[in-house]
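Engineer: Any chance you can model this:
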Amino acid sequence: MSENDKWAWFSDEDATPALFKPEPSSSKTDTPGLRLDIMAPDAALTPAGSASLGKAVALHLEGKSEAAVKELLSAIEGGENLAELHAALGHIQFELKQFDAAAKNYAKAAQVDPKHKTASYNQGVCLEKVERFKDAADAFQRALDADPKRLEARLGLGICLLHTGSAERALEAFDQCLKVKADMEPAQFGKAVALHLGGKTDQAETIYRKLLARDPNSEELLGNLVAVGISRKDNALLKEFSERLFKTLPNSPAAIEGLATVAFSKGDFETAHRHCAKLVEVASNSFEGWFNLGVASQELGRTDQAAKAYAQALKIRPESALAHVNSGTILQQQGDLARAGKEHERALQLSPDLTAAIWNLALVTERRGEMEDAESLYSRLVKKHPDWEDAWFRLGYLRLQRGDFNGAVEAFEACLKRRGDWVDAHMNLGLAYWKKGDAAAARKAFEKALASDPKSVDALRGLAGLAMERQDLEQAFDMQSKLIHLGQRSPELFYNTGLLLQKSGQLEDAVKHYRQALTEKPNIAEALLNLGHALKALGQEDEARTCWRKALESNPDLAASYFAG
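Structural biologist: Here you go, the predicted structure:
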């Protein structure tokens with residue numbers, strides 16, 4: 001496995017459907033989003049034994065909200081502790097978008113009058129507006145305890161439960177709403193979202209489609225169907241609704257991300273790159289957009305663009321282990337091993353078991369010559385992933401390099417259990433066996449390598465070497481001949497073949513091969529010496545003496561040893 005095999009494309013497998021906040025003063029929903037009928041005028045604005053309340057109502061009706069607030073605060077500070085005063089103050093503060101203050105005043109109204117009809121409910125609405133979903137859910141539950149039939153409170157409870165991750169409880173709330181009012185679109189939408197979050201995407205899709213039939217251009221519904229397609233890896237669904245949403249809203253991040261996902265799944269990285277570039281243009285803070293722009297750039301070989309994209313992704317989400325890994329792979333490609341190692345180490349700090357980080361750090365460490373550390377990392381990988389043949393191969397190679405032949409045999413055999421036709425693994429297994437003295441096992445490994453690749457030069461050389469070692473001249477010559485037939489031209493190959501021919505008495509062919517060896521590399525002392533012996537045996541003594549003289553000039557010690565006897 002190459003270094004480039006282990007970067008990742010970020011796709012939110014658990015694509016989260018849209019969740020929508022309730023809108024103020026809306027008794028009707030225009031789209032099947034999660035909206036509430038809240039803040040309808042009620043007794044909170046009806047004078048009830050308080051002159052200040054009456055003045056506040058009059059001021060509010062004249063559009064003087066700030067003055068109304070001052071009147072109500074003055075009354076409360078003056079000791080008028082009426083639930084209606086607190087509720088009226090909360091109502092006006094809500095209109096002024098002072099949601100925290102409004103929530104506090106509704107809470108005070110409920111404390112003064114636990115039976116107040118709207119205080120707890122409206123407190124929940126205010127808390128939901130500032131995304132205090134757990135507190136809002138508690139408020140809606142109190143409203144339901146006071147009035148179990150209040151559908152708006154149950155709907156609000158369902159919304160907040162979705163936001164707090166309690167999809168199953170939210171589903172119960174929406175189902176109870178729909179038992180009372182089957183055509184309640186916000187509850188239908190909420191149910192679909194709860195099913196979606198609970199992994200029941202088929203049921204969610206059915207509801208989304210029914211609602212979409214009533215509102216074909218709903219951004220929320222189209223976006224959630226895009227999310228269903230992403231989570232299910234359903235490219236047909238994803239393409240359909242991404243294109244529909246893109247046609248309706250060309251700058252919709254959900255639509256663009258969906259189209260990019262389809263392109264990635266097809267391996268169309270140019271199109272994916274274009275969509276991701278558009279995504280970061282319309283949503284500059286999109287981590288997924290920058291991350292996947294980096295991946296597309298990396299796949300297209302645009303390393304500088306990829307590096308910039310990952311840098312932007314990490315600015316948005318510095319705790320992303322995957323972004324650190326992918327940034328590290330770019331640095332590996334650029335040869336900056338020091339910084340690459342730091343990126344992978346940071347990824348492992350964030351996610352200690354992240355396989356891609358361990359693998360790439362091992363590769364970087366090995367390339368830096370830190371073999372002991374690299375071997376430790378590969379060992380860690382195969383312990384975690386026993387079926388990962390690439391890690392076994394690297395581990396075996398390092399063990400072979402440091403002379404742990406038994407360990408190398410173990411690693412290469414484990415590798416070949418997963419990928420039995422891997423020529424290099426068979427070759428290295430053969431070398432390990434040969435080094436540990438098991439020539440029979442080495443020969444078997446080399447033969448398997450040759451069976452997987454009949455043109456394997458390394459396998460032929462290995463078998464030739466083993467044949468020479470056991471004095472099987474016929475097989476050694478056969479292997480050498482195949483190497484020459486494959487176009488190998490090394491002087492060592494011609495020399496060894498000539499030697500085999502000479503030993504078998506084929507002197508004229510031996511002379512030809514010695515001459516070819518010397519053509520490739522003149523003045524090889526051994527070739528000159530043996531060429532001289534072959535020529536003498538053929539009766540060509542003058543040329544033989546010339547060869548011996550050249551051999552002596554090339555290597556006096558070697559020539560002297562031959563003539564010593």
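Engineer: Tell me the spacing between L157 and T164.
Structural biologist: Distance check for L157 against T164: by CB to CB, to the nearest Å, it reads 11 Å. The way it works is simple: take the backbone N, C-alpha and C, and place the C-beta from them, glycine included.
Engineer: Which one's more surrounded, the two?
Structural biologist: For the pair L157 and T164, the greater number of neighbours falls to L157 (27 against 13), based on other CB atoms under 10 Å.
Engineer: Pull the number of nearby residues for the closest residue to that one other than its chain neighbours.
Structural biologist: Using CB to CB, 6 or more residues apart in numbering and skipping the chain neighbours, the partner closest in space to L157 is F140 (4.1 Å). Taking other CB under 10 Å as the criterion, the count of residues near F140 is 30.
Engineer: thinking I316 is in contact with F287, fair?
Structural biologist: Yes. Between I316 and F287 there is a contact under CB atoms under 8 Å: 4.5 Å.
Engineer: which residues are in contact with the strand or helix carrying F241?
Structural biologist: F241 belongs to helix 235-248 when assigned by DSSP states H and E. In this structure, residues lying in contact with helix 235-248 by CB atoms under 8 Å, 6 or more residues apart in numbering are 205, 217, 219, 222-223, 225-226, 228-230, 252, 254-259, 261-262, 265-266.
Engineer: wait, the residue nearest to L157 sits on G124?
Structural biologist: Yes. F140 lies in contact with G124 (CB under 8 Å); the separation is 4.1 Å.
Engineer: Could you pull out the residues contacting both of the two?
Structural biologist: When contacts are counted by CB under 8 Å, 6+ apart, F140 and G124 are jointly contacted by A153, G156, L157, C160.
Engineer: just the helices in the stretch 401-550 of the chain please.
Structural biologist: Along the stretch 401-550 of the chain, the stretches classed as helices by DSSP state H, counting those that start in this stretch are 405-418, 423-435, 439-452, 457-469, 473-485, 491-503, 507-520, 525-537, 541-554.
Engineer: Then the stretch 51-200 of the chain?
Structural biologist: Taking DSSP H, counting those that start in this stretch, the helices of the stretch 51-200 of the chain run over residues 51-61, 65-77, 83-95, 99-112, 119-129, 133-146, 151-163, 167-180, 185-197.
Engineer: now, of those, which is deepest in the fold?
Structural biologist: Of the helices of the stretch 51-200 of the chain, the one with the most neighbours on average (mean count of other CB atoms under 10 Å) is helix 119-129, at a mean of 27.
Engineer: now the angle from that one to helix 83-95?
Structural biologist: Taking axes from the mean of the first three to the mean of the last three CA atoms, to 10 degrees, helix 119-129 and helix 83-95 form an angle of 20 degrees between their directions.
Engineer: Give me the contact list for helix 119-129.
Structural biologist: Under the criterion CB under 8 Å, 6+ apart, external residues in contact with helix 119-129 comprise 21-22, 24, 36, 38-39, 83, 86-87, 90-91, 94, 99-100, 102-103, 106-107, 109-110, 113, 133, 135-140, 142-143, 146, 150, 152-153, 156-157, 159-160.
Engineer: and it, average pLDDT?
Structural biologist: Per-residue confidence for helix 119-129 averages out to 93 on the pLDDT scale.
Engineer: Compute the inter-axis angle for that helix and helix 133-146.
Structural biologist: 160 degrees.
Engineer: For helix 119-129, C-alpha coordinates in PDB please.
Structural biologist: Only the C-alpha atoms of helix 119-129 are listed here, as PDB (Å, rounded to 0.1, in the frame of the first residue of the first chain):
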ATOM      1  CA  ALA A 119     -46.000  30.900  31.900                       C
ATOM      2  CA  SER A 120     -44.100  27.600  31.800                       C
ATOM      3  CA  TYR A 121     -44.900  27.100  28.100                       C
ATOM      4  CA  ASN A 122     -43.700  30.500  27.100                       C
ATOM      5  CA  GLN A 123     -40.600  30.100  29.300                       C
ATOM      6  CA  GLY A 124     -39.900  27.000  27.200                       C
ATOM      7  CA  VAL A 125     -40.200  29.000  24.000                       C
ATOM      8  CA  CYS A 126     -37.800  31.700  25.200                       C
ATOM      9  CA  LEU A 127     -35.300  29.100  26.400                       C
ATOM     10  CA  GLU A 128     -35.500  27.300  23.100                       C
ATOM     11  CA  LYS A 129     -34.800  30.500  21.200                       C
END
